[in-house]
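**Q** Quick one: sequence plus predicted model below, questions after.
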Amino acid sequence: MKTDMLPPVNYVVNDQGKVVFVQLSVQDWDSFVEEYNRLKNLTIFKERLKMAFREIRQIQKGEKKGTSLTEFLNEL
């Protein structure tokens, strides 16, 4: 599914005309779920990377103790 184009959908409305469901093809649904998971994982990666850079700045400022490679490998 292209991110710049929404798939065709059918709207299901109740007796008052309020939209209560959206129908789309299984192929479009699978594409949506795949793209959602990709974006969710990208967001998680981005947050972890930001946290790592914050930690680097804290180590550089002496606010936090760094871990040497040897210490890190010994923890495994």
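**A** Structure's in. What do you need?
**Q** how about the helices in the chain?
**A** 26-60, 69-75 (DSSP state H).
**Q** Would you reformat the ones you listed as a markdown table and include mean neighbour count?
**A** (Each C-beta comes from the backbone N, C-alpha and C, glycine too.) Shown next, in a markdown table, are the helices of the chain (neighbours: other C-beta atoms under 10 Å):
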| stretch | mean neighbour count |
| --- | --- |
| helix 26-60 | 11 |
| helix 69-75 | 9 |
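**Q** Now distance to residue 19 too, for those, in CSV please.
**A** Compiled in CSV, those are given as follows (distance: least, C-beta to C-beta, whole Å):
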stretch, distance to residue 19
helix 26-60, 17
helix 69-75, 53
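**Q** Which of those has the lowest mean pLDDT?
**A** Among the helices of the chain, helix 69-75 carries the lowest mean pLDDT, a mean of 91.
**Q** Please list the residues outside it that contact it.
**A** Contacts to helix 69-75, defined as C-beta atoms under 8 Å, 6 or more residues apart in numbering, come from residues residue 67.
**Q** okay, now residue 24: neighbour count?
**A** As a burial measure, residue 24 scores 15 neighbours (other C-beta atoms under 10 Å).
**Q** For it, give its distance to residue 11.
**A** 10 Å (C-beta to C-beta, to the nearest Å).
**Q** hmm, what's the outermost residue in the protein?
**A** residue 15 (36.6 Å; C-alpha atoms, centre = their mean).
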